[in-house]
Each structure stands twice: as structure tokens, then as C-alpha cells.
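Asker: sequence below, structure please.
(chains A and B)
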Amino acid sequence: MKKFLFATAATALLAGAAGAEEVKIGVVAAFTGPLETLAPPIAAGHELALKEASESGIFLGGSSIAPVRGDSTCIDAAAATAAVERLITSDRVSGILGPMCSGATGSVVQNVAVPNGMVVISASATSPSLSDIEDNGLFFRTAPSDARQGAVMADIVLEKGISEIAVTYTNNDYGKGLASAFEAAFTAKGGTVTLNAAHEDGKADYSAEVGALASAGGDALAVVGYVDQGGSGIVQAALDTGAFDTFVFPDGMVGDALVERFGSDIDGSFGQNPAAAGEGRDIYNGMAEAAGYDGTSAFSGEAYDAGALMVLAMQAAGSSDPKAYVQKLEMVANAPGEPILPGEIGKALQILADGGDVDYVGVSSIELIGSGESAGSYREVTFEGGEMKVVGYR
Amino acid sequence: MDFLNAFVALANFVLIPATAYGAQLALGALGVTLIYGILRFSNFAHGDTMAFGTMVTILFTWWFQSMGLSLDPLPTALAALPFGIVVTALLLLGTDRIVYRFYREQKAKPVILVIVSMGVMFILNGLVRFIIGPDEQRFADGERFLISARDFKEITGLEEGLAIRTTQGITIITAVIVVALLFWFLKSTRTGKSMRAFSDNEDLALLSGINPERVVAITWVIVAALATIAGVLYGLDKSFKPFTYFQLLLPIFAAAIVGGLGSPLGAIAGGFLIAFSEVSVTYAYKKVLGYLLPENMEPEGLVQLLSTDYKFAVSFVILIIVLLFRPTGLFRGKTA
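Answerer: Next up is the predicted model:
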């Protein structure tokens, strides 16, 4: 009895004095569905940042962080909502990192996050429509809006000397948003979009869709789709029928799976995905390699940044209560303050604990603008000799 | 030259794909029509029977590939096909023994058998997903093209390319062989004749000493072969995914009904009619017309009758038109 009392007292004392607790954070990614190959490096990126903060020993007076995973799928908004609902009500998480896809993110923000007052930071939802979603200021993203990607993509295509292009997009929020952003930017800059047509994912055969695109003509085909789904089917059908041999790939398509499947057949094609150049990315790639996953995979670095921003904001607010730390997110992400690179989360936590200010730079040189989204920088890639090569950043 | 270009573009995007697709549908519709003719019900489990047969063939293909067996330049799946047929035949004979025979002995109405077949459909649906998973599988190997678009352009010097995939060639050749064998079997062998007699008039056939259980068993075996071949050809040519096989049920039934249920010749005609309608109605003719018409008359729009999203609607519309104006189908089968 004495021992028990002592233990209780000690625990109470510890909890009272330092506020040490176990902070749970939901890591929600599309572990199944059309982007399942991109999910593991994204979840690993989130968790690496959380682990770093947890092991530093100075997060919220020695609290530890426990990530709790949830599967948001990609196309099933109901499944995503249910997964996040469970994380909030049953696991009692203090924040949500994810979900991955734009459609799932929109429904999670509106149906779960806003009613529960939960902070959501997505690393990969890029639909322009999420910029003006009713989020009560609770939704942030470390990925830039596709309105910007559309403009960057238009620039790259025009610089390659292509002025006529056919566009096909996967029929959802992401595809439609990016395809129309691209068409608007491309036509404004003097190019012509011969056809902007949707395709459904999960079909056995895309020769009919490609037939229509080929008939419309164009020097290249922009495939705004998913690499594990209809996007690859479209590329396959276009190659088979000889309709197009130059392709433009935005972020949903740029991945190792594309090279594995098509090899040198897509030589001369090019694309871009959100990723920044600089010191941060190199450091992160090294950290990811040490942790045993591929840090260059799309949105993995942004995922690390999302995790880092959440823990830094919690530290700055001195609390894991979403209502408190949501106010601090922009403060830790933007200047002024000490610039923080990946791997320096411990240092940042110390500065914040001492009452200082930080400017989290992270992997993707993050700068939160507007309604809490990254300003964004993009990596341009080309496909040559059956390999994907990074040509530059813009 | 322009005329040739127009023809090649049309062949590349309409004629060749539709012919291959039509052959696949025709084989599927033959299975449906045989069951309707002899067992007298519409078998809703046919799409999933195709998926099951293809799945078994894929598993054998993987096994052969792991042993280093190959038919290069032909796909390995052709070697695995007979094994797929045997396993599928065993499955169908098994379901007949456990499920359908019970209802046959009760002399159940055809509509009850249709509902029973839907039950079988759901079970097979689950079984296939349980064994191989719901994801897309590609199992085509060997040479990919008989002639690729790039080679064709170089040889002929035309602007338009024409691609013929090996799988499309195999589909058409296999379909011709299978159909010829089936018709020879039904017309010339004793068993085939007894099947036709049983289909025409069950009571008379029983009186003349035909063993009904034997006819039923042989029908299931033939249906297993047709379904597996159709499924494997479709999977080789496009890709295997349990859900798309389930969806194939609609065009297959449309083909069988349009041709006239119970009429093998009708099933083949129906298969090609549905395939050509689906492909040609959703094709955008801008390019073809651009070659044919004088320069100032070139079309601005795509000249596409229906967006490709509505591909399935084409089967429905044809089905409704045929049922309204000629319910027995083009080849005067039994009433649908």
C-alpha cells in the first residue's frame, strides 16, 4: 500500500510538474488504393519527425509521442472519414497528419476535423479547391496547391517547344483541379489544349479513351492520373496504339513504378512534382536512407515537414491541445526566427522551450501562405534511357 | 495516300480492337447461350466463372514461369490454359452437383434458377478475390506486338501507325478454332446431337433414351472451356481484375440476347455487333474525317457520338431496342 501510494504520488508529481504525457498523433495515409505505393514513404516521413521529437526528451517537458496509423484509402471518402473519426474518438489523438488524397482530405476536414476541432496537416493533398474550404483555420498543408503546379507544368511544356497538347485526367478532385489549372495556365501562355478529357480508374482497357485523345491530336499527352491506376493504363494504351510517345507527368504519376513498368518506352517524356532543392532535401534523403526508406519518393519530405511543424507548434504553445497549438503553426513555419533544417527538431524544441522563435525551413523550404498552405517549389524530371533524372527545381 | 491514312487510323483504333473484343464477347456469349439452351436458365455467374478460370490459369502461368517454362514468343498462359479449363470444369461440375441438381430435381422455374445462379455468382466473386485478391494482374509475356505502330510507319511511310498486338492475333485465331470445334461437335458427334435434341425438346429426348445427367455434365464442361478461354484471352489482351470480369456480364448477356438466346450462331453475331457498336459509337472520328474531307471542311469538334464514359450504355440501348422490336433476337432463339 505504501509503495502504491508512493508510486501514485510520484506519478502525479511528475505529471504535474513537467506535464509529461504520451501525446498521440494520427498518421493517416492511403495504405490501400490507387496511391498505395506512395503511402509507405509518406507515413515513414511523418513518423520520422515524430520520433525525432519524441527522442529529444525536451518535447513538452519530456513527453513522448506515439503515432497511430489509419488508412484513408484514396478514393473512398467514407472510409477515410471513418478512419479519422476512430483516431479522434477512440485513440484520442491530438492532431492528424494526412490524409493523402485531395478528395479524402476534403471530406475529413469538413466531416471530422471541423466538428471535433482537430488540426489536420496534409503533406500531399494538392487540389486547388482545398484553398477555400470551410476549415475554421484547422486545415494546413505542406504541399502547394495545384493551381501553382498547373502554372509550372505549363511553363515546362512550353519550354520544351510543345504548343499543342492533349490532356486526360483521373475523374476526381485532384485530377479535375490540376487539369483545369494546367489548361488555364497553358492557354493563357499561348498554348492549345486539343482535348481535356476525364478517364475512370480501374478499367481493364483504355484504348477507347486513347482513341479519342489521338483523334484530337497534339504533340504530347499530359496524363493527370495515378501511377497505380488508370494513368498507367492510359500510357500503356497510347504506347500500344502508337498514338503518343511523349508524355507529361504531374505528381500523381512521377514515381518509380512508372519507370519499372515502362522502362525506356517513355524516353523523352518529362514531368514535375512538388519538391524543393537545397540543403534540407539532401539532409533528409540521408536521414531516410538511414531509417531504411526512400526519402526521394513523392511527398515523403513534405510529410516529414508536416510532422515537424505539428510538434514545433505544440512546443511553442506548450500544449498538445489543438485549440492552443493551431495558433502557433504559422509562427514556427515562417520568419522571423532561427532557421531549422531537417534533423534539427531537437534544437528547435530547445529554442522554443527557452522562449525563442524558430523559422522552420525543413525539407521543402516551407513557407505557409494564404489559408495555411505551402508556397511550393517543384522538381522537374525527365525520362531518359529507362531512368528518371532530376533536371532542376523551379 | 490520305485515304490509306484514314483507313489505317480507323483500323488501328476501331477495327482491330473491336474485332478482338468481339471475339472475346462471342466466346463468353456462347457459354451463356449454351446454358440457356440446355439447362434453361440465364447464368449470372458466367462473368465470375470467367474470372475463376482466368485466375487458375494465372496461378499455373506463374508456376510455369517460376520453373522457367516459356512458349516464347507466345504467352506462357496458353500452356497453362488447359489446366485452367480442367479446374474450372471441376468447379462447375461441383456447383452443379451441390446446387443446381437440387433445383433441377424439384423442376424449379427458370426464374428461381436465375436467382440461384446469382447466389453462385456472389460466392465465386468472393472466392476469386480471396485467392488472388481484388487487384489488377498482368500475366501476358512473350512478344508484345505482331507489328508495332512505329515499325508500321517505317515500313509503309504512312503518317498513321497500325499496331497489332500478339494477344489480339491470338484472340482471333483461338476464337475461330474454338468456334469451329464447337460447331463440329454440336453438328456431327453423337453427343452433340443428343445435346441439341435435349435443347429442342426435353421430353422427346428423354423418351429416346438420352441420359439427361450426362448431357448436363458435358454442357458444364464445354461451358467451363469457353468461359476460361474467353476470360484468359480478355485478360491477356487487356488485364485481369475480378471487378471488370463481373462487369463483362452486361455486354455478354446483351450479345447473347441480341443474337437470340439458345442460338450459338446468334451469340457470335451478337458478340461482334455489341463490340463494334461500343467501339465505333465512342470513337472520335475527327482524325479520320480530317484525312478524307477537303481541307476547308475539316471538322472542328471531335465528331464523337458518345463520350467513352458511356460505353456500357451502348449495350443497354441495343438490348432494349432488340427486346422491343424482336424479342427472340436476330437469329430467332428462344424468347428472352
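
Asker: in the stretch 101-250 of chain B, which spans are strands?
Answerer: Along the stretch 101-250 of chain B, the stretches classed as strands by DSSP state E, counting those that start in this stretch are B:145-147, B:164-165.

Asker: of all these, which one is nearest chain A?
Answerer: Chain A lies closest to strand B:164-165 among the strands of the stretch 101-250 of chain B, at 6.3 Å (Cβ to the nearest Cβ). Every C-beta, even on glycine, is put in place using the N, C-alpha and C of the backbone.

Asker: pick the most deeply packed of the strands of the stretch 101-250 of chain B.
Answerer: Counting by mean count of other Cβ atoms under 10 Å in any protein chain shown, strand B:164-165 has the highest mean neighbour count of these, with a mean of 20.

Asker: elements contacting it?
Answerer: The helices and strands touching strand B:164-165, judged by 3 or more Cβ pairs under 8 Å, 6 or more residues apart in numbering or on different chains; DSSP states H and E, are strand B:145-147.

Asker: apply 10 Å and report the result again.
Answerer: For strand B:164-165, the elements it packs on are helix A:230-241, helix B:16-39, strand B:145-147, judged by 3 or more Cβ pairs under 10 Å, 6 or more residues apart in numbering or on different chains; DSSP states H and E.

Asker: now that strand, how far from the chain's geometric center?
Answerer: In terms of Cα atoms, centre = their mean, to the nearest Å, the centre of strand B:164-165 is found 19 Å from the chain centre.

Asker: what comes into contact with it?
Answerer: With contact meaning Cβ atoms under 10 Å, 6 or more residues apart in numbering or on different chains, strand B:164-165 is reached by A:240-241, B:11-12, B:16-17, B:20, B:140, B:143-149, B:152, B:171-172, B:236-237.

Asker: which of those residues count as buried?
Answerer: For the contacts of strand B:164-165, a neighbour count by 16 or more other Cβ atoms under 10 Å in any protein chain shown gives the buried set as A:240-241, B:11-12, B:16-17, B:20, B:140, B:145, B:148-149, B:152, B:171-172, B:236-237.

Asker: just those now: which is nearest B:Val216?
Answerer: Set against B:Val216, the nearest of the buried ones among the contacts of strand B:164-165 by Cβ to Cβ is B:Thr171 (29.3 Å).

Asker: and that closest one, how far from A:Ala80?
Answerer: Distance of B:Thr171 to A:Ala80, computed by Cβ to Cβ, to the nearest Å: 40 Å.

Asker: residues in chain A within reach of chain B, list them.
Answerer: A:32, A:36, A:171, A:194-195, A:197-200, A:202-217, A:228-229, A:232-233, A:236-243, A:245, A:261 (Cβ under 10 Å from any Cβ of the partner chain).

Asker: narrow the residues you listed to those that are buried.
Answerer: A:32, A:36, A:171, A:194-195, A:197-199, A:202-217, A:228-229, A:232-233, A:236-243, A:245, A:261.

Asker: those residues in helices, which ones?
Answerer: A:207-216, A:232-233, A:236-241, A:261 (DSSP state H).

Asker: if we can go back for a sec, would you turn the strands of the stretch 101-250 of chain B into CSV with distance to A:Asn285 and mean pLDDT?
Answerer: Formatted as CSV, the strands of the stretch 101-250 of chain B follow (distance: least, Cβ to Cβ, whole Å; pLDDT from 0 to 100):
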stretch, distance to A:Asn285, mean pLDDT
strand B:145-147, 39, 89
strand B:164-165, 40, 92
